[in-house]
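Student: Provided below are the primary sequence and the corresponding predicted coordinates.
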Amino acid sequence: MIIKNGMYKNKENDFIINFIESIKSLEKKEKIVIWLSWWTSLNSFYDWLVNVFEILTKELISKIVFCFLDERFVPINHDDSNYKSNFTLFFSRLLEKKLINSDQIIKFDIEKNDSISNYSQKIKKIDIALFWVWPDWHIASLFPQHTLLSNEENNYIEIFDSPKPPNHRITISKNMINNIDYSFVFFMWETKRNALNAFLNENISYKYFPVKLVKNSKNYFLVSDLF
């Protein structure tokens, strides 16, 4: 079941179709930036997307670049690297099919002295984002009651004391979420029922439940198997 901007959709309830339609709606842009998350509940999404990516025209595919909501200060071949997880599951398959080239994947370079500002310069506007909700209700590396939730910058920011290891990370700021054209937020499996209820509860602040920031996107799709 999909909810768009808090309202039930009456037509397509397949989030893959909505995702493809979101990309097509941006075809006049020079570049389409897609933010990725990774966790096991997204595996079926990536499996399906690899198989249907050819639905898009070559011209449209060539405009797409991929980046990350957050990344850890670890080498890209480290097990904690979001890049490594997404490469294994998704990027490698697109590259093998020659649907994209490696330049379309914007990696975070921990070797650069100005790595945070460098990544922010490369990614100023986000068009489509996938948000996976974690058990403690954080998204990207924005954690409940963390001081970063008071940060008013509109770019990537650094976190040194992540409650979840590794403690040193780069993450989107809360204000970057406001400019996303299409956000997809996933509440999958029974273990996320309490999180879903909190997301729908208007009396709970984003300071305790950061995923509620997704509601500030221009359009958001709530994706869940709990309805």
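Tutor: Nice, I can see it.

Student: quick one, helices of this protein?
Tutor: Secondary structure of the chain (DSSP state H): helices at 15-25, 43-52, 58-63, 82-86, 92-96, 115-122, 174-177, 193-200.

Student: Go through these and name the closest to Val214.
Tutor: Across the helices of the chain, Val214 has its closest neighbour in helix 174-177 (6.4 Å, C-beta to C-beta). C-beta coordinates here come from the backbone N, C-alpha and C atoms, glycine included.

Student: Check the helices of the chain for me: which has the lowest mean pLDDT.
Tutor: Lowest mean pLDDT within the helices of the chain: helix 43-52, at a mean of 78.

Student: Return the list of helices and strands in contact with that one.
Tutor: Counting contacts by 3 or more C-beta pairs under 8 Å, 6 or more residues apart in numbering; DSSP states H and E, helix 43-52 is packed against helix 15-25.

Student: Could you pull out the buried residues of the helix it packs on?
Tutor: 15, 18-20, 22-23 (16 or more other C-beta atoms under 10 Å).

Student: which regions of the chain sit below the pLDDT cut-off?
Tutor: Within the chain, the stretches with pLDDT under 70 are 1-14, 38-42.

Student: how close does the closest residue to Asn167 other than its chain neighbours sit to Leu148?
Tutor: Excluding the flanking residues, the one nearest Asn167 by C-beta to C-beta, 6 or more residues apart in numbering is Asp161, at 5.6 Å. Taking C-beta to C-beta, to the nearest Å as the measure, Asp161 falls 10 Å from Leu148.

Student: if you count what's nearby, which of these two comes out ahead?
Tutor: Counted by other C-beta atoms under 10 Å, Asp161 and Leu148 do not tie: Leu148 has more neighbours, with 20 against 11.

Student: Beta-bridge partners for the residue nearest the centre of the chain, please?
Tutor: Nearest to the mean C-alpha position of the chain, counting by C-alpha atoms, centre = their mean, stands Leu130 at 3.2 Å. Note on Leu130: beta-bridge partners Phe184, judged by DSSP bridges.

Student: sorry, back to before: which one of the buried residues of helix 15-25 is nearest Asn101?
Tutor: Closest approach between these and Asn101, by C-beta to C-beta: Ile23, at 17.5 Å.

Student: ranges for the strands of the chain?
Tutor: In the chain, the segments counted as strands under DSSP state E are 2-4, 7-8, 32-36, 64-68, 70-72, 128-132, 156-159, 169-172, 182-187, 220-224.

Student: what does the third one contact?
Tutor: Outside of strand 32-36, the residues that reach it under the criterion C-beta atoms under 8 Å, 6 or more residues apart in numbering are 23, 26, 60, 63-69, 82, 86, 90, 123, 125-130, 172, 180.

Student: are any of those buried, and which?
Tutor: For the contacts of strand 32-36, a neighbour count by 16+ other C-beta under 10 Å gives the buried set as 23, 26, 63-69, 82, 86, 90, 123, 126-130, 172, 180.
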